[in-house]
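Student: Okay, predicted coordinates and the sequence, questions at the end:
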Amino acid sequence: MLLKIPQILDDADLARARELLAAAPWGDGRKTAGRQAAQVKNNDQLQAGSEQHRALQALVLQALEAHPLFFSATLPKRVLPPSFNRYAGAANAYGSHVDQAVRYLPGGTQRVRTDISCTLFLSDPADYDGGELVIDTSFGEQRIKLAAGDLVVYPGTSVHRVEPVTRGVRLASFFWIESMVRADEQRRLLYEMDMSLMALRGDLGETPELVRLTGAYHNLLRMWADT
Ligand SMILES: O=C(O)CCC(=O)C(=O)O
Ligand SMILES: [Fe+2]
């Protein structure tokens, strides 16, 4: 499921994030890519370990936790600490690749399966040309360029790329999630059910049928979740 989740960060968060990004040390993005991806990756990435990097990670993780759609859409079991990238100049792009299936939490002992890939856009789209995140889906290519503060989540199995940035600077945060529900189609079903239940509850208030359907949602989640 490819899903856009608007306004993960508000204006105050964005201003703070940009301040931190401007002060942080950057390095070559190839350092953290797998062998195939490193051949097509050309961008800068915030170096791990700086004070600014930690503050940015905390800012993004807190905003994700506070957003009700994020939980419902991803059903997170483990979220890898967010990374930050910068594309500036036509040579900066990231060619077609699939993200590594397994990554490690800091410390290097705990493995995380990357069920869901995420990009949180941090630059105003008017401030740069190009830089679309292009994702192959069963309905064709989706070209994603979102407002600053908006998030896109998509299956980790997808071939995707970032188009060259021909003007300005594109800043983003990217990270991966291992979901309690491994199968994308099961997550989609649960998400659609949850959204419909919320809308119906808003329209009708609590009814005996809604109590039963909510039970069905939780019982499906119980059947499918690996916590
Ligand atoms: O910058 C992006 O939107 C995605 C980056 C990406 O695909 C990656 O780091 O694997
Ligand atoms: Fe990627």
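Tutor: Received, thanks. Note that the structure is predicted; figures quoted are calculated from it, not measured. Residues are numbered from 1 along each chain as shown. Ligands and ions are numbered 1, 2, ... in the order given.
Student: you'd agree residue 83 is up against residue 171?
Tutor: No. Look at residue 83 against residue 171 with C-beta atoms under 8 Å: they stay out of range, at 11.8 Å. Backbone N, C-alpha and C define where each C-beta goes, glycine included.
Student: Between the two, which is the more surrounded one?
Tutor: residue 171 (24 against 19; other C-beta atoms under 10 Å).
Student: check which helix or strand covers that one.
Tutor: Here residue 171 sits within strand 165-179, counting by DSSP states H and E.
Student: ok, the residue in the chain positioned nearest to ligand 1 - how many residues close by?
Tutor: Nearest to ligand 1 in the chain, going by C-beta to the nearest ligand atom, is residue 119, at a distance of 3.6 Å. When neighbours are defined as other C-beta under 10 Å, residue 119 has 21 of them.
Student: got the contact list for residue 153?
Tutor: 1, 2, 3, 5, 73, 74, 116, 117, 118, 177 (C-beta atoms under 8 Å, 6 or more residues apart in numbering).
Student: Swap in 10 Å and give it another go.
Tutor: 1-5, 69-70, 73-74, 116-120, 177, 179, 187 (C-beta atoms under 10 Å, 6 or more residues apart in numbering).
Student: where in the protein is pLDDT low?
Tutor: Along the chain, segments meeting pLDDT under 70 are nowhere present.
Student: Would you tell me which residues of it are close to ligand 1?
Tutor: Within the chain, the positions near ligand 1 by C-beta under 6 Å from any ligand atom are 85, 94, 99, 119, 133, 160, 162, 172, 174.
Student: which of the residues you listed lies closest to residue 17?
Tutor: residue 172 (10.6 Å; C-beta to C-beta).
Student: bridging residues for that closest one?
Tutor: Legend: beta-bridge partners of residue 172 under DSSP bridges are residue 85, residue 121.
Student: what's residue 185 in contact with, if anything?
Tutor: Per C-beta under 10 Å, 6+ apart, neighbours of residue 185: 1, 155.
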